[in-house]
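Engineer: Any chance you can model this:
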Amino acid sequence: MRTFVGFLVGFVALLLVFVAAFALQGRGAREYAARVAREATGPGACREVARGVQSPPDMTRCEVRREGGTLVVQLSLESGRTYLARR
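Structural biologist: Below is the predicted model:
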């Protein structure tokens with residue numbers, strides 16, 4: 001019984017570590033997209049728009065485009081998640 005409880009506690013702890021890692025990764029990506037959206041003046045690649053901003057290491061694509069009267073930053077990560085920031 002003690003072994004089972006030990007495995008169960010270890011499994012739950014491992015799940016919590018994964019959830020925390022994904023939350024921090026998402027937070028960094030959202031902050032980067034928001035900062036690019038604040039600094040962008042027109043469409044283009046994020047690295048051209050915000051030259052001094054450190055990009056997330058797992059970013060695969062980031063672009064700034066104009067939809068109607070607003071600028072939209074679309075950030076894609078290796079995990080397949082996509083973040084949008086509007087300004």
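Engineer: what's next to the worst-scoring helix or strand of the chain on mean pLDDT, contact-wise?
Structural biologist: Lowest on mean pLDDT, DSSP states H and E among the helices and strands of the chain sits helix 46-49, with a mean of 79. Contact with helix 46-49 is made by 32, 36, 39-42, 53, 55, 62-64, 73, 75, as judged by Cβ atoms under 8 Å, 6 or more residues apart in numbering. To be clear about C-beta, it is placed using only N, CA and C from the backbone, and glycine gets the same treatment.
Engineer: for that helix, the distance to its chain's centre please.
Structural biologist: Mean-position distance between helix 46-49 and its chain equals 16 Å (Cα atoms, centre = their mean, to the nearest Å).
Engineer: Would you mind writing the CA trace of the helix or strand following that helix as CSV?
Structural biologist: Downstream of helix 46-49, the next assigned helix or strand under DSSP states H and E is strand 59-67. What follows is strand 59-67 as a C-alpha-only set of coordinates in CSV (Å, rounded to 0.1, in the frame of the first residue of the first chain):
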residue,chain,number,x,y,z
MET,A,59,9.1,30.0,-31.8
THR,A,60,8.6,28.7,-35.3
ARG,A,61,6.8,31.6,-37.0
CYS,A,62,5.8,35.1,-36.0
GLU,A,63,4.2,37.7,-38.3
VAL,A,64,2.4,41.0,-37.9
ARG,A,65,-0.5,41.6,-40.3
ARG,A,66,-3.2,44.2,-40.6
GLU,A,67,-6.9,43.1,-40.3
